[in-house]
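Undergrad: this is a predicted model, with the sequence first.
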Amino acid sequence: MITCIIRYDIDPNRRDLFERYAHNWGKAIPRCGARLTGYFAPHEGSASLAYGIYDIENLAAYETYRARLAEDPLGRETYAFAKAEGFIRAEDRTWLRRVDRSPLSQEEAPR
């Protein structure tokens, strides 16, 4: 399992649009094959730094997931919305793998 962390530089005056964007991905990402941890918007400190975090099996699964996302109606709508509105000034992805061997992974955590 690998984790993708997307770091966004967003327009601080348009955070409401980022929240709408995040809400849409909250529906589309799991439907297309990744396990979404969540989207995080500025609260204290930086007014323009936001994150999206999800897990996926491996990079091959990521390629399949991205293809599904590009074909998903809400995925296409969300990509177009972000492009048209311009509230995301920059974004970058970092891929990490968990190494702490924590006894409580998300699958094992109490619900």
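TA: Good, I have the coordinates. Numbering: from 1, shown residues only.
Undergrad: what packs against whichever strand or helix holds Ile29?
TA: Using DSSP states H and E, Ile29 sits within helix 15-32. Counting contacts by 3 or more C-beta pairs under 8 Å, 6 or more residues apart in numbering; DSSP states H and E, helix 15-32 packs against strand 35-40, strand 49-56, helix 59-71, helix 73-85. (Glycine included, C-beta is placed from N, CA and C.)
Undergrad: buried residues, the next helix or strand after the last one. List them.
TA: Downstream of helix 73-85, the first helix or strand assigned by DSSP H and E is strand 88-96. Within strand 88-96, the residues that count as buried by 16 or more other C-beta atoms under 10 Å are Ile88.
Undergrad: repeat that for stretch 31-49.
TA: Those would be Cys32, Gly33, Ala34, Leu36, Thr37, Tyr39, Ala41, Pro42, for stretch 31-49 by 16+ other C-beta under 10 Å.
Undergrad: show me where the chain dips below the pLDDT cut-off.
TA: Along the chain, segments meeting pLDDT under 70 span 102-111.
Undergrad: how close does the closest residue to Thr64 other than its chain neighbours sit to Phe87?
TA: Leaving aside its chain neighbours, Thr64 sits nearest to Gly33 (6.7 Å; criterion: C-beta to C-beta, 6 or more residues apart in numbering). Using C-beta to C-beta, to the nearest Å, Gly33 is found at 26 Å from Phe87.
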